[in-house]
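> need a 3D model of the following:
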Amino acid sequence: MQKANFKDKCRGEPGNSKDTGDPEYENITLTFRERDQPKGSHPGPMKCAPAQPKSPSGSAQVPAWLQRSIMSLYVLLALMFLFCIILSALVLVKNTEMSREMLHLRRELSNVSNSALECQEEQRNGWSKVHSDIEKATNSITKALNPIDTKNQQVLTEITKITQKIQKIHEALEKKTNAAPASK
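This is a model prediction of the structure:
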């Protein structure tokens, strides 16, 4: 009973009012030694719990603006986290799209390089045909020019023979014309 009364007193709850008027009622206070306190020393008077229980935001009550600020920061942090997740998803999607596009471009580049190689091969074949045609034409022209050259040489030799004969005839005529006036 005394123990219950002590708890009621320390809690500030009014105990049975008949106990305060009871001649056998004793006011007993218990003192407990703290762990840091040496054995021989006496602790100060024990403090009872306050008469009214304090709310959790009692003496160290956080101002409402601070609570709102902290809550705003938590919301902002959650939004940033959500933004990072969305941004990561967008980067992943864009990366996938770019990979597909790179594969497509790689295929196109391969096709273009194959086409370029085919064109180069056709060009080589064309140029080799042109070179062979030029050689054939050159040989044909040379073959055609050989008889002409020989005929030209023959004509030139004939011309020189004719020129020499004309010269002889001219000299013979001059001799005759020179000899005829001297004999008159």
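> could you list the domains of the chain?
If you go by automatic domain parsing, the domain ranges for the chain are 1-38, 66-145.
> least reliable of those domains by average pLDDT, please.
Between these, the lowest average pLDDT goes to domain 1-38, which shows a mean of 58.
> check which helix or strand covers Arg124.
For Arg124, the enclosing helix or strand under DSSP states H and E is helix 64-183.
> swap in Glu24?
Counting by DSSP H and E, Glu24 is found in no helix or strand.
> for it, give its distance to Gln154.
For Glu24, the distance to Gln154 (C-beta to C-beta, to the nearest Å) stands at 173 Å. Placement of C-beta: from N, CA and C, glycine included.
> of these two, who's got more company?
More neighbours surround Gln154 than the other of Glu24 and Gln154, with 10 against 6 (other C-beta atoms under 10 Å).
> please tell me how far that one sits from Ser113.
Plainly put, Gln154 is 61 Å away from Ser113 if you go by C-beta to C-beta.
> now Ser128
Counting by C-beta to C-beta, the separation of Ser128 from Ser113 is 22 Å.
> what's the burial count for Pro147?
As a measure of burial, Pro147 has 9 neighbours, counting by other C-beta under 10 Å.
> distance of Glu97 relative to Glu135?
Following C-beta to C-beta, the distance that separates Glu97 from Glu135 is 56 Å.
> now do Gln167
Using C-beta to C-beta, we find Gln167 at a distance of 46 Å from Glu135.
> and Glu118, by the same measure?
Noted for Glu118: a distance of 26 Å to Glu135, by C-beta to C-beta.
> where's Ser69 relative to Lys143, distance?
Per C-beta to C-beta, Ser69 is found 106 Å from Lys143.
> again, but for Glu24
With the distance defined as C-beta to C-beta, Glu24 ends up 157 Å from Lys143.
> one more: Leu82?
The span separating Leu82 from Lys143 equals 90 Å under the rule C-beta to C-beta.
> over to Leu105?
The spacing between Leu105 and Lys143, counted by C-beta to C-beta, is 56 Å.
> which parts of stretch 66-82 are buried?
For stretch 66-82, the neighbour count (16 or more other C-beta atoms under 10 Å) marks no residue as buried.
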